[in-house]
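1. Quick one, structure for this:
(2 chains)
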Amino acid sequence: MGSPEVSRAQKAVSNVSGVRGRDAGESRRSHRTIEPLDRATLERVRARDGEALGLLFERYFDAVYALVHRLLGDHAAAEDAASEVFLKVHRAAHQLDPGRDPAPWLMTIATNVCRDLWRSGAYRMSRRQAAALDDPSVAGQLTRAGDGPEHEVISAERERLVQEALMQLPPPLRTAIVLHDWQGLSHQEVADALGLEHAAARKRYSRALSALARRLEGRLR
Amino acid sequence: MSEEPDRAPSPSQRRAQDAVRDLGAARPDPAFRARLREDFVAGRIAPPPPRLVDAGRTTPWLRNGLAAAAALAIVLGALAANRAPAWRLVGVEGVGDAIVDGRPIPLDHAAELARALRHAVHVVTPDSGMVELVKPGVLAVSIDMQTDVTLPAGPGRWWGRHDRARVANGYAFYATGRAFHGATLDVETPEVRARVTGTELGVLRDDEQGTCVCVMNGRVHVQRWRGGIPGGVDVPAGQRCINLPNGAQYLKPILEYTVEHLHHLNARSATLLQR
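-> Sure thing, here's the model as predicted:
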């Protein structure tokens, strides 16, 4: 069995595996539903067996990358963070609990790596240079993408606008909303992943949603 | 859960929720993915090199400025690291003023003299005084009385391994150390250029006798500026190459005066030269 901390983390996040309870009304997207590896394979991951590590990587890498990219906002940073995540996974493989889905553990590591990055001086310096949200007159009002010839253009621009608004949120708020609304975790799962009380996680999410809605006010319909 | 159920989101909050939920999942670069997978499976995965996150958002002038500053720091650091060690004053005898780059400094002001004797300064010793210097590990120089020399800067550690010195008049003696290996030093006089590749030698020069290059150890190639043996002369250990002002050039056994002087210099500097 793994350490209590790892077990807690492994219990925490579940939408990537799509097998646990969730808050009512939350949407679920199939691309983040991952079938967990079997126990025997996870036992071999614990022993750092090359083939099992390869299976773990294939199963979870894309989800980890997508999460860190959503939290950090660009590919260069996401590549660094993903490398760091899998370095930590390799070092801590022996702590993995083979009786549980490793997805929550991986996502907690990914979130922690991003948090460490946000705390670094280099990240803060780079963010000071970040451009403010584009002029609303330029961005205009973007509707949700539907069918039609302008679908792809509108969809890409809408995504850019939302991502920029996310990147303007303080990292703790951004993490809360990405984990809850994009990753699809319940408030309890967010709380476990971030090491918060359930009520604190809800409050943080509520603040994040209000802040994001203000930033997108008048730009989305 | 025991807490109150969430308040229903406002329309704008609902739109924000929907917008976040509609965001796609970024795809990694396939080459990066494959490389990381290979390293992860093989246990070779290493921490990513530090870099400025989101450097693409920095303004061009800041990015270029940082890059230029970093490059300049690297160049200056490399130049400083490549430089031979500073001269160290190991012996002063006699009285009078040494003239260092035109500035008279009494020989008994050792600290001031040591500070003034920088990499490639011009030194003139007084009528009855001499100076001995060492670049630790690289080179020792003894400057006899009434001598006018330009000191070598010392060969670079990794590049710029060729060095030059000059004896305009008087007697100067040179001994190379372990770190000199692979470097060359040209000692120039009005008559010749003596190319040193690791040896102990004396260069004795005056207007009437011309230049005498005395080699105690190793081999020195002596090339006259004008006249002399075509292609120059290789002077072996224990010999001296006489280069008269009239153009004559020939070999004779080394002068005893040079041998004694070089033994003296060796005794003073052998430890610092790490030979």
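2. what packs against the longest helix along chain A?
-> The longest helix of chain A (DSSP state H) is helix A:50-72. Of the remaining helices and strands, those touching helix A:50-72 by 3 or more CB pairs under 8 Å, 6 or more residues apart in numbering or on different chains; DSSP states H and E are helix A:39-46, helix A:75-91, helix A:103-119, helix A:171-177, helix B:30-42. Quick note: C-beta positions are derived from backbone N, CA and C, even for glycine.
3. try it again with 6 Å
-> Helix A:50-72 is packed against helix A:39-46, helix A:75-91, helix A:103-119, helix B:30-42, with contacts defined by 3 or more CB pairs under 6 Å, 6 or more residues apart in numbering or on different chains; DSSP states H and E.
4. What separation do you get for residue B:176 and chain A?
-> Look at residue B:176 and chain A: by CB to the nearest CB, to the nearest Å, they are 47 Å apart.
5. Lowest average pLDDT across the helices and strands packed on helix A:50-72?
-> Lowest mean pLDDT within the helices and strands packed on helix A:50-72: helix A:103-119, a mean of 88.
6. can you count the residues close to residue B:67?
-> Residue B:67: 11 surrounding residues under other CB atoms under 10 Å in any protein chain shown.
7. In what element of secondary structure is it found?
-> Taking DSSP states H and E as the criterion, the element that holds residue B:67 is helix B:60-82.
8. Save the helices and strands packed on helix A:50-72 as a markdown table, and put in distance to residue A:60 and mean neighbour count too.
-> Converted to a markdown table, the helices and strands packed on helix A:50-72 look like this (distance: least, CB to CB, whole Å; neighbours: other CB atoms under 10 Å in any protein chain shown):
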| stretch | distance to residue A:60 | mean neighbour count |
| --- | --- | --- |
| helix A:39-46 | 11 | 17 |
| helix A:75-91 | 9 | 21 |
| helix A:103-119 | 5 | 22 |
| helix B:30-42 | 11 | 15 |
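9. How is chain B divided into domains?
-> B:30-81, B:87-273 (automatic domain parsing).
10. among these, which is nearest residue A:43?
-> The minimum distance between residue A:43 and the domains of chain B falls on domain B:30-81, with 16.8 Å, by CB to CB.
11. Now do the lengthiest strand in chain B: everything it contacts.
-> Counting residues, the longest strand found in chain B (DSSP state E) is strand B:162-176. Contact partners of strand B:162-176, identified using CB atoms under 6 Å, 6 or more residues apart in numbering or on different chains, comprise B:139-144, B:146-150, B:152, B:155, B:184-189, B:198, B:200-205, B:261-262, B:265.
12. Make a PyMOL selection of the buried ones in the residues you listed.
-> This is the PyMOL syntax for the buried subset of those, where burial follows 16 or more other CB atoms under 10 Å in any protein chain shown:
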select buried, chain B and resi 139+140+141+142+143+144+146+147+148+149+150+152+155+185+186+187+188+189+198+200+201+202+203+204+205+261+262+265
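13. Filter the contacts of strand B:162-176 down to just the ones in helices.
-> Those of the contacts of strand B:162-176 lying in helices (DSSP H): B:261, B:262, B:265.
14. coming back round to it: just checking: what are the partner strands of the longest strand of chain B?
-> strand B:139-143 (antiparallel), strand B:148-150 (antiparallel), strand B:184-188 (parallel), strand B:200-206 (antiparallel) (DSSP bridges).
15. Output the residue of the stretch 151-275 of chain B whose distance to chain A is smallest.
-> Closest to chain A within the stretch 151-275 of chain B is residue B:158: 30.7 Å, counting by CB to the nearest CB.
16. residues touching the closest residue in space to that residue that isn't next to it in sequence, list them.
-> Spatially, and ignoring its direct neighbours in sequence, residue B:158 is nearest to residue B:82 (5.5 Å; CB to CB, 6 or more residues apart in numbering or on different chains). Listed by CB under 6 Å, 6+ apart, the contact partners of residue B:82 are B:156, B:157, B:158.
17. Quick check: of the residues you listed, which lies closest to residue B:16?
-> For the contacts of residue B:82, the closest approach to residue B:16 (CB to CB) belongs to residue B:158, at 59.0 Å.
18. Neighbours of the closest one, how many?
-> 9.
19. looking at the helices and strands packed on helix A:50-72, which is closest to residue A:162?
-> Distance to residue A:162, taken as CB to CB, is lowest for helix A:75-91 among these, at 16.9 Å.
20. Only alpha carbons, please: show stretch B:227-236 as CSV.
-> What follows is stretch B:227-236, C-alpha atoms only, in CSV (Å, rounded to 0.1, in the frame of the first residue of the first chain):
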residue,chain,number,x,y,z
GLY,B,227,69.6,38.3,-41.9
GLY,B,228,70.8,35.3,-40.0
ILE,B,229,70.2,31.7,-40.9
PRO,B,230,67.2,31.3,-43.2
GLY,B,231,64.3,29.8,-41.3
GLY,B,232,66.0,30.5,-37.9
VAL,B,233,67.9,28.4,-35.5
ASP,B,234,66.7,25.8,-33.0
VAL,B,235,68.7,26.4,-29.8
PRO,B,236,69.1,23.2,-27.7
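21. would you list the contacts of residue B:82 in CSV and tack on pLDDT?
-> Shown next, in CSV, are the contacts of residue B:82 (pLDDT from 0 to 100):
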residue, pLDDT
B:156, 82
B:157, 77
B:158, 78
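22. Spell out the secondary structure type for residue B:222.
-> Put simply, residue B:222 is strand when judged by DSSP: H, G, I helix; E, B strand; the rest coil.
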